[in-house]
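Asks: Here is the input, now give the coordinates:
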Amino acid sequence: MSSSIAAALESWIKRREPESDQCEEDIGYFDENQYEEPGPLLKELIEHASELGDLETLYRDDTKYKRLKHVLTNHLRRNPKEKIILFAYFKATLKYLEHRLVADGIKCILLTGETSLNKYDVINKVKAPSGPNVLLSSEVASEGVDLQFAKTLINYDLPWNPMKIEQRIGRIDRLGQEAKKIIIWNLFYKDTIDDRIYERLYKRLNIFERALGDLEPVIGEEIQKLTWELLSRPLTPEEEEKIITQTENAIANLRLTEEKLENEAGNLIAHGGYILHQIRAAQELQRTISSNDLWLFVRDFFDEAYEGCEFLCISNDDLLFDVRLTDDAKYDLDNFIQKNKLIWLTKLNLIGNTKQRCKFYNKTVHHGNPNIEIINQFHPLIRFVSERIKQTGKKYYSPVGIQLDKSRIANFEKGVYAFFVQLWSLEGVRDIEKLNFEVEMLDNKKKDIGAEQAEKLVITSAIDGQDWLTSPQETDLSLGKELIEICIARSEGKFTKYLQDIQNENNDRADIQEKSLLTHQEKQLKILNELREKHLRLGRLPLVKATEGKIEKLNSRVQWQLRTITKQRNMIYHAPDVCIGLIKIY
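Replies: Now for the predicted structure:
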């Protein structure tokens, strides 16, 4: 990403001055590698800043700023009350823009991690009708704040990671945005890496028109590789374009995979978020939800929670039922519908001894008999069941039965296998989620099936297998239950050991972070105290007070982060069951 050359030089020159504020780091969040002294290159640049160029000439020839000023001036002349958000990555760039824009008569306000006001006070100043027109912000405003009072966003620099751009856009393109369209303006120098990234990566992926979804972790890895490739050695423009295109193709393929999953019926649990146990298991194991999953989910719940409800089967093949709920069930369902504003989406809550014909169907669109109510994963009944299960903490699911053709999996004998899947979720300095798979063969050969092979069997069965509906008639269920209990006990034993190992690692990470933070605090306090003493000797009382404010702010932030680290030492962990069942290899 490019910063203003004039802004960079101005920052280096200021850092040479003894009176300058050398506490530049923003510690709104903590990274153990963040607090380091300037590297050799930066020290060299600061030392020789005055020899690198003439600041006055750079000011005069800054075409990027001239373009910004020209467009802003004309736009605000036509729309004097409009609010505009400008994002830039470097604080030096934002400070440079602030004093240049103010000098040119454009009202603006700065928001970085160093701003004396908290970010919500700054944002309220901008929202006020008489407030500044332009909010100059670092990434501190790209998450967790609502900026939908603005309809224009300027990216003064272009982060190479498209997820960062999406986060910025998400601040104004959100619920409450009244404008029919929002304006996104990206500034970058022509014939630069930024230009090529914009053309080859951003435009081809339609970053500014379409969301990327939940691809942040994998995109982050691709961008890291891209950055290394582009900056680790000299490249021709053609070589840069080739590398950027490779990254674009990789991200595009990831997006296509995600879109394929979404388009397979909104039927993956990730997009419903309502269904637990075996339907959740289907999502965890990359299986789409079947109509039968929906039916079993509802049946198991109502059998247990509301005795007397009727589900009269009209067609087993079509999963067509005449449904009559008890008064208690109707009452609770109706309360849920009213609370969540789902009125008119179902007739199952109507008062009276009425039946409603329903079809369990795993598609979100169904063109059929309008008198038949389609129960898919978004239906109020499914959402109601899921909500009640969460409240009670009970688990309702039938074991999954899957049959798999042996040609689909190598190194496994024909036969029946019991399996158990558990999700290990741990929150601390580092959050971890891991699926653990346990498998036992029913023929009692006591053959050891390792974790890797167990995972392979379950995942392959989930993707390539078919429902094994006759499993109760073909197997010794008492033996299957016994072996599943063995799998559960083994998984829980492994989790206990895994948790201890991660807790030890978590404490080590917390120690490192705490030590790094305190080392940084010590260095910055030394700089600020020396600066305070100098101002005191020279009688600069206002600067003494300002420096004392910086010291207090630094100490407060460090104490806040120390509390966070202390909290993260106490890990939060869960190990919910995801799925149990039988797999037949034939």
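Asks: what helix or strand is Q568 on?
Replies: helix 541-569 (DSSP states H and E).
Asks: what helices or strands is the following helix or strand past that helix leaning on?
Replies: The helix or strand immediately downstream of helix 541-569 is strand 572-574, counting by DSSP H and E. Applying 3 or more CB pairs under 8 Å, 6 or more residues apart in numbering; DSSP states H and E, we find strand 572-574 packed against strand 415-427. Where you see a C-beta, it was placed from the backbone N, CA and C, and this is true even at glycine.
Asks: mind listing what the helix or strand just after the strand it packs on pairs with, with the direction of each?
Replies: Scanning forward in sequence from strand 415-427 by DSSP H and E, the next helix or strand is strand 432-441. Partner strands and pairing direction for strand 432-441 (DSSP bridges) are strand 415-427 (antiparallel).
Asks: In a helix, Q148, correct?
Replies: No: counting by DSSP: H, G, I helix; E, B strand; the rest coil, Q148 is not found in a helix; it is coil.
Asks: I'd assumed F302 was in contact with E310.
Replies: No: counting by CB atoms under 8 Å, E310 does not reach F302; the two are 9.5 Å apart.
Asks: Partner strands of the strand or helix carrying L135, with direction?
Replies: Using DSSP H and E, L135 maps to strand 134-137. Using DSSP bridges, strand 134-137 pairs in its sheet with strand 84-87 (parallel), strand 108-111 (parallel).
Asks: so how far is stretch 490-497 off the chain centroid?
Replies: 29 Å (CA atoms, centre = their mean, to the nearest Å).
Asks: how does this protein divide into domains?
Replies: 63-188, 190-263, 270-392, 399-586 (automatic domain parsing).
Asks: Endpoints of the first one, how far apart?
Replies: From its first residue to its last, domain 63-188 covers 10 Å (CA to CA, to the nearest Å).
Asks: thinking again about what came up before, could you check the angle the helix holding Q568 makes with strand 415-427?
Replies: Angle, helix 541-569 to strand 415-427, by axes from the mean of the first three to the mean of the last three CA atoms, to 10 degrees: 150 degrees.
Asks: Let the chain start at 669 from now.
Replies: Taking 669 as the first residue, the last one we looked at is helix 1209-1237.
Asks: How far does helix 1209-1237 sit from its chain's centre?
Replies: Put simply, helix 1209-1237 sits 29 Å off its chain's centre (CA atoms, centre = their mean).
Asks: same thing with stretch 752-764?
Replies: Computed by CA atoms, centre = their mean, the separation of stretch 752-764 from the middle of its chain amounts to 24 Å.
Asks: how long is that stretch end to end?
Replies: End-to-end for stretch 752-764, by CA to CA: 17 Å.
Asks: so the nearest residue to S1139 once chain neighbours are set aside, which of the three states?
Replies: Once flanking residues are discounted, S1139 sits nearest to G1069: 3.6 Å by CB to CB, 6 or more residues apart in numbering. Of the three states, G1069 takes strand according to three-state DSSP.
Asks: how many neighbours does G1069 have?
Replies: A count of neighbours around G1069, defined by other CB atoms under 10 Å, yields 21.
Asks: How about the contacts made by it?
Replies: D1135, W1136, L1137, S1139, P1140, G1249, L1250, K1252 (CB atoms under 8 Å, 6 or more residues apart in numbering).
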